[in-house]
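Q: predicted model and sequence below, questions to follow.
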Amino acid sequence: MKKLEVLKKIGVKLANQLRGPIMAKYFVQSGTLRSVVEAESSRRAALWAIHQAMQQVLPLDAGPSTASTDETQSHCEPVRAVLSGRLRVSSSGFDHSDATQLETLEVVNEWNQMVLTLDRLEKMLYRAA
């Protein structure tokens, strides 16, 4: 192979690595929660949707809340998503029969483990500083 061809192949590989993983769009629903999420997998989309729902009641950062407001309600009263026992995750849209179904409690437990782990790491970093 010529040097130019090799350099082009290396450049393409490097460009693909810099772009990062390709994210798919997922439609996550449970109870009154409906969220469109870009994620690497349906499981990660479910985790992000749970994070959005949990931010309504347990804000973990100082940023703005991810809760939406309903135009018919007062501007001070946010709309809260209520989760059902199962999460439905589809790449086709809401209410599609091809949706993967996950136990909500299982995903919430996984989210909780991640939050606790991040909290421990943060405490370790503060102690080390």
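A: Right, received. Where do you want to start? Every value quoted in this text rests on a predicted model; they were computed, and no experiment measured them.
Q: which strands and helices sit next to the strand or helix carrying Ala53?
A: Assigned by DSSP states H and E, Ala53 belongs to helix 42-55. In terms of contacts (3 or more Cβ pairs under 8 Å, 6 or more residues apart in numbering; DSSP states H and E), helix 42-55 is packed against strand 24-30, strand 33-39, strand 86-90, strand 100-103, helix 104-128. Every residue, glycine included, has its C-beta placed from N, CA and C.
Q: got the angle for that helix vs strand 86-90?
A: Using axes from the mean of the first three to the mean of the last three Cα atoms, to 10 degrees, the inter-axis angle of helix 42-55 relative to strand 86-90 is 130 degrees.
Q: can you get me the start-to-end distance on stretch 84-93?
A: Using Cα to Cα, to the nearest Å, one end of stretch 84-93 lies 18 Å from the other.
Q: can you list the buried residues in that stretch?
A: Neighbour counts using 16 or more other Cβ atoms under 10 Å place 86-90 of stretch 84-93 among the buried residues.
Q: cool, stretch 96-113 as well?
A: Residues of stretch 96-113 classed as buried under the neighbour-count rule (16+ other Cβ under 10 Å) are 99-100, 102, 104, 107-108, 111.
Q: now, among the residues you listed, which is nearest to Ser30?
A: Using Cβ to Cβ, the shortest approach to Ser30 within the buried residues of stretch 96-113 belongs to Thr104, at 5.7 Å.
Q: check what pLDDT the closest one gets.
A: We note a pLDDT of 95 for Thr104 in this prediction.
Q: what of Met124?
A: In this prediction, Met124 has a pLDDT value of 85.
Q: swap in Asp95?
A: Note on Asp95: pLDDT of 94.
Q: for Lys13, same thing?
A: Looking at Lys13 specifically, the model assigns a pLDDT of 61.
Q: just Ala81 next, same as before
A: For Ala81, the model assigns a pLDDT of 70.
Q: same check, this time on the one 3 residues further on
A: Reported pLDDT at Ser84 in the predicted model: 92.
Q: got a list of what it touches?
A: Contacts for Ser84 were tallied using Cβ atoms under 8 Å, 6 or more residues apart in numbering; they are 30-31, 104.
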